[in-house]
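J.: Starting from these lines, generate the structure:
(one chain, ligands or ions: 2)
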Amino acid sequence: MSKHESIAAAGAVYYLFGATGDLARRKLFPALFSLYKEGKLAEDFAVVGLARRPRTNDEFRADVYESINEFCRYKQGDDETWKKFADHFVYMSLDINNLDGFRELNNLTEELDARFDIPGNRLFYLALSPELFGPVSLNLRDGGLLESKGWNRLVIEKPFGYDLQSARELNEQLSHVFKEEEIFRIDHYLGKEMVQNIEVIRFANAFFEPLWNNKHIANVQITLSETVGVEERGGYYDKSGALRDMVQNHLLQMLAMIAMEPPSRLHPEDIRDEKVKVFRSLRPFANSEEVRRDVIRGQYSEGSSRDKRLNGYRQEDSVNPESKTETYFAARVFADNFRWAGVPFYIRTGKRLPVKTTEIVIEFKNVPDNILFARRHDLSPNLLVIRVNPMEGIYIKINAKKPGVDNTVQPVSMEFCQSCQVGLNTPEAYERLIYDAARGESTYFTRWDEVAQAWSFVDRIAEAWREDNESLQFYPAGSWGPEQADKLLAEDGFHWWPVNGQDEDNVIWISGSSSN
Ligand SMILES: NC(=O)C1=CN([C@@H]2O[C@H](COP(=O)(O)OP(=O)(O)OC[C@H]3O[C@@H](n4cnc5c(N)ncnc54)[C@H](OP(=O)(O)O)[C@@H]3O)[C@@H](O)[C@H]2O)C=CC1
Ligand SMILES: O=C1O[C@H](COP(=O)(O)O)[C@@H](O)[C@H](O)[C@H]1O
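T.: Numbers count the residues shown, from 1 in each chain. Ligands and ions are numbered 1, 2, ... in the order given. Predicted coordinates:
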């Protein structure tokens, strides 16, 4: 057996619903090609692109070729690899609502099984708008596509519902056709290297785990900031807003990874059980006053970045000119459990902020007041910063003696820059997630009870906002969002730590990256 064969996922037919769409072009084709290049897809697979638009197989392969050229971390390179890869791709025009089309798809599948020696495994990837998730599942069943002798898996994109009620209805529809263990709900943040690294940083380091509690941690800050505006996605985003688009999923998932107890076994269900416990312990907002006190809701107005004028949200195409949708969200959240009692988690996300970054900051409590240092110097708190995106790495900030005779203390940062070591060529989240789904590894997919708990937390906020016409704050595009988000921390004696170490002029950097 060659090295590659030992890591390849089991052969399967991959049905890519939404094959002419944006996600397929920017993420899914490139991810499949990278997996193929690395031997994680052997030769016993086929990809069927599905959408309504007509395409010949050759036209479809040309689309895939262009997408890889533009977005893949591996370019096609040698023609031989590309030709072999492209040969596995076929296209079929299909309307989700046409059951006969699914029967035809079943016939095509039999041909592909025979041609590529595929053992009857099926992976259905729904890169479609969410209202089609239910109908596709029913037609897959009624069209006979689930009757093969191998496994069936459904990979489903976000958003999973609009609120708890609609998520329940969707889940109910899917559960008539697929078992929970066959459903792989994507949250692409769980596919990111540094989000997966949280478990290792926490549970494989004697430095951190003993301190990982309310005795030693003062607060946790999670920032997911974006420079982009709503772009062409107004149709979707104006109904969703930051709360549903980013908080219900990515931000709460990262919070759960930080806050969860160590699982008793490294089994997907044990890990997901621990995350559910965190969601259950989130203190629900009791009424709209509490939401007003602890949650900031903003929308970008006209502004600028690097001398470029930027439209306000309401001026964007396909957005209601009187929209009250939030493009910024910040909140103070508590997990009411033994480990985290009293520790605020500050979470924020926004569009049209000054930088694109995702960072998690763990701020430790200061050492006790002592005659040696804490009374004589203004000590900076120790920080552990996990850089998720786009730079990957961690740094810790500690206090050290400034060289010289006057015995002063200065902050020193020690950095592990993962991006500098492996370049910007780490696997994309979608590569990892497609590979995991093909291997039946569900750890980094969200289970139904996690999704439901996250919705019930978020729904209380949405409900309070529905009645409230005043809490929306406007912030200039290109700024760090409403000032109220700073006040939220100031009330507790904290401040947002600058992202990317931006104002760390006084910090000495000790890098763990370049010499390796
Ligand atoms: N784009 C992104 O970056 C991200 C997207 N997502 C999620 O991924 C999903 C897809 O998003 P995206 O690719 O941007 O959407 P697009 O609108 O770009 O693509 C939608 C796709 O669905 C197909 N489609 C629409 N109606 C039908 C139908 N009745 N029958 C068959 N095919 C149909 C379209 O093809 P045709 O018109 O030819 O039928 C097209 O291929 C959504 O759930 C989105 O929320 C999640 C995270 C990021
Ligand atoms: O799911 C989404 O995520 C992207 C941000 O993802 P990233 O990997 O680029 O950080 C966000 O722009 C989009 O609105 C949202 O739907």
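J.: what pairs with Val155 across the strands?
T.: As for beta bridges, Val155 partners with Tyr125, Phe184 under DSSP bridges.
J.: Spit out the contact partners of it.
T.: Applying C-beta atoms under 8 Å, 6 or more residues apart in numbering to Val155 gives the contacts 123-126, 184, 186, 433-434, 437. The C-beta positions use only the backbone N, C-alpha and C, and glycine is treated the same way.
J.: In the stretch 151-300 of the chain, which residue sits closest to ligand 1?
T.: Per C-beta to the nearest ligand atom, Glu157 is where the stretch 151-300 of the chain lies closest to ligand 1, at 3.7 Å.
J.: State the number of residues packed around that residue.
T.: Glu157 is flanked by 20 other residues according to other C-beta atoms under 10 Å.
J.: need the strands for the stretch 1-150 of the chain, in chain order.
T.: With strands called from DSSP state E, counting those that start in this stretch, the stretch 1-150 of the chain shows them at 12-17, 45-51, 89-93, 122-126.
J.: Tabulate those (a markdown table), appending distance to ligand 2 and mean pLDDT.
T.: What follows is the strands of the stretch 1-150 of the chain, written out as a markdown table (distance: least, C-beta to the nearest ligand atom, whole Å; pLDDT from 0 to 100):
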| stretch | distance to ligand 2 | mean pLDDT |
| --- | --- | --- |
| strand 12-17 | 18 | 98 |
| strand 45-51 | 20 | 98 |
| strand 89-93 | 25 | 98 |
| strand 122-126 | 15 | 98 |
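J.: Of those strands, which is nearest Glu316?
T.: Nearest of the strands of the stretch 1-150 of the chain to Glu316, taken as C-beta to C-beta: strand 45-51 at 26.3 Å.
J.: so what strands line up beside that closest one?
T.: Counting by DSSP bridges, strand 45-51 is paired with strand 12-17 (parallel), strand 89-93 (parallel).
J.: can you give me the angle it makes with strand 122-126?
T.: Per axes from the mean of the first three to the mean of the last three C-alpha atoms, to 10 degrees, the angle that strand 45-51 makes with strand 122-126 is 30 degrees.
J.: right, is strand 45-51 up against ligand 1?
T.: Yes: judged by C-beta under 6 Å from any ligand atom, strand 45-51 comes into contact with ligand 1 at Ala51.
J.: Can you give the contact residues for that strand?
T.: Applying C-beta under 8 Å, 6+ apart, the contact partners of strand 45-51 are 11-21, 24, 32, 55, 60, 64, 88-94, 105, 108-109, 112, 115-116, 118.
J.: Show the buried residues in those residues.
T.: 11-21, 24, 32, 55, 60, 64, 88-94, 105, 109, 112, 116, 118 (16 or more other C-beta atoms under 10 Å).
J.: filter those residues down to the ones near ligand 1?
T.: Answer for the buried ones among the contacts of strand 45-51 near ligand 1 (C-beta under 6 Å from any ligand atom): 18-21, 94.
J.: Apart from its chain neighbours, what residue comes closest to Thr56?
T.: With sequence-adjacent residues excluded and distances taken as C-beta to C-beta, 6 or more residues apart in numbering, Thr56 is closest to Tyr91, at 7.1 Å.
J.: Next up, the contacts around the one you found.
T.: Residues in contact with Tyr91 (C-beta under 8 Å, 6+ apart) are 19, 48-50, 55-57, 59-60.
J.: what do you get for Ile201?
T.: Counting by C-beta under 8 Å, 6+ apart, Ile201 makes contact with 208, 384, 386, 394.
J.: Name the helix or strand for it, please.
T.: In this structure, Ile201 sits in helix 193-203 according to DSSP states H and E.
J.: Closest to ligand 1 out of the contacts of Ile201?
T.: Lowest distance from ligand 1 to these (C-beta to the nearest ligand atom) belongs to Ile386, with 22.1 Å.
J.: Verify the contact between Gly312 and Ser304 for me.
T.: No: using C-beta atoms under 8 Å, Gly312 is not in contact with Ser304, being 11.4 Å away.
J.: intersection of neighbour lists for the two?
T.: By C-beta under 8 Å, 6+ apart, Gly312 and Ser304 have these common neighbours: Ala477.
J.: neighbour-wise, which of these two wins?
T.: Neighbour count, other C-beta under 10 Å: between Gly312 and Ser304, Gly312 has more, with 20 against 12.
J.: what's the more buried one sitting at in phi/psi?
T.: When read as degrees, to the nearest 10, the backbone of Gly312 gives phi -80, psi 160.
J.: how far away is it from ligand 2?
T.: Using C-beta to the nearest ligand atom, to the nearest Å, Gly312 is found at 18 Å from ligand 2.
J.: Quick one: closest of the strands paired with strand 45-51 to Trp151.
T.: strand 12-17 (8.0 Å).
J.: and the residue in the chain positioned nearest to ligand 2, how far is that from Leu146?
T.: Nearest to ligand 2 in the chain, going by C-beta to the nearest ligand atom, is Asp245, at a distance of 4.8 Å. In this view, Asp245 and Leu146 are 31 Å apart by C-beta to C-beta, to the nearest Å.
J.: ditto for Gly298
T.: Applying C-beta to C-beta to Gly298 and Leu146 gives a distance of 45 Å.
J.: quick one, which of the two is more surrounded?
T.: Taking other C-beta under 10 Å, Gly298 and Leu146 do not tie; Gly298 has more neighbours (27 against 17).
J.: For the more buried one, identify the helix or strand it belongs to.
T.: strand 295-301.
J.: How far does that strand sit from its chain's centre?
T.: 21 Å (C-alpha atoms, centre = their mean, to the nearest Å).
J.: Give me the residues contacting that strand.
T.: With C-beta under 8 Å, 6+ apart as the test, strand 295-301 has contacts from 229, 285, 310, 312-314, 323-332, 348, 350-352, 461, 464-465, 471-477, 481-482, 484-485, 488.
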